[in-house]
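Trainee: build me a model:
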Amino acid sequence: MSDFRVSHRYAKSLLETALDKKNLENVSSDILYLVKILNQNWRLQLMLENPVIRPEKKLSILKEVFQKNISKDSVKFLEFIVSKRRESLLLSISNRFLELHDQHQGIAEVVVTAASEFTEEQKKVLKEKLENILSKKVRLSFNIKQDLVGGFIAKAGDTLYDASIRHQLEVLRKQFLSGEVSFN
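Mentor: Predicted coordinates:
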């Protein structure tokens, strides 16, 4: 079975369990914390992926790192993952859980790449427009890319909204070449 399918199965199980126990927000904040720590500490991730280290040792390290900062349900989930020998997929499972959580909550993650920093008012207007287009709550994250002449590119899942000057100029060039634009 592919890693994605395995990760999806475990993440879906965690989501359903959290919904049944009515502690979805606690579990999701625990998983956000877990992802943050795993992304910041590549040695911890390498330890989880190392087949030579015994699962009991991995579990004791995970408990040492996380037990004081996450709920008992989340610790039980870590124990379950290690007992099934899926600890190497912990980051993948956690990321997939966060995606499923966002889908369940009707939240779309949108990455905006712009030539310059947006003002708070511009962020607010963009967020409102994207929420209307997507019919979901929107969580924006911004990247600055100096080689964009102006405008922005917003990516929501597989959908790309290109409002960059470069794109607008390319559309205009194609219209000129096809004869769709006249100067009358």
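Trainee: report the buried residues of stretch 21-28.
Mentor: Buried residues in stretch 21-28, counted by 16 or more other CB atoms under 10 Å: 24, 27-28. Where you see a C-beta, it was placed from the backbone N, CA and C, and this is true even at glycine.
Trainee: okay, buried residues for the helix or strand of the chain at the bottom of the mean pLDDT ranking please.
Mentor: Taking mean pLDDT, DSSP states H and E as the measure, the chain has helix 165-178 as its least confident helix or strand, at a mean of 85. Buried residues in helix 165-178, counted by 16+ other CB under 10 Å: residue 167.
Trainee: using PDB, write out every CA atom in that helix.
Mentor: C-alpha atoms of helix 165-178 as PDB (Å, rounded to 0.1, in the frame of the first residue of the first chain):
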ATOM      1  CA  ILE A 165       1.100  41.800 -14.500                       C
ATOM      2  CA  ARG A 166       3.200  39.200 -16.500                       C
ATOM      3  CA  HIS A 167       0.100  37.100 -17.000                       C
ATOM      4  CA  GLN A 168      -2.000  40.100 -18.000                       C
ATOM      5  CA  LEU A 169       0.600  41.100 -20.600                       C
ATOM      6  CA  GLU A 170       0.800  37.600 -21.900                       C
ATOM      7  CA  VAL A 171      -3.000  37.500 -22.400                       C
ATOM      8  CA  LEU A 172      -2.900  40.900 -24.100                       C
ATOM      9  CA  ARG A 173       0.000  39.600 -26.400                       C
ATOM     10  CA  LYS A 174      -2.100  36.600 -27.400                       C
ATOM     11  CA  GLN A 175      -5.100  38.700 -28.200                       C
ATOM     12  CA  PHE A 176      -3.000  41.000 -30.400                       C
ATOM     13  CA  LEU A 177      -1.500  38.000 -32.200                       C
ATOM     14  CA  SER A 178      -4.900  36.400 -32.800                       C
END
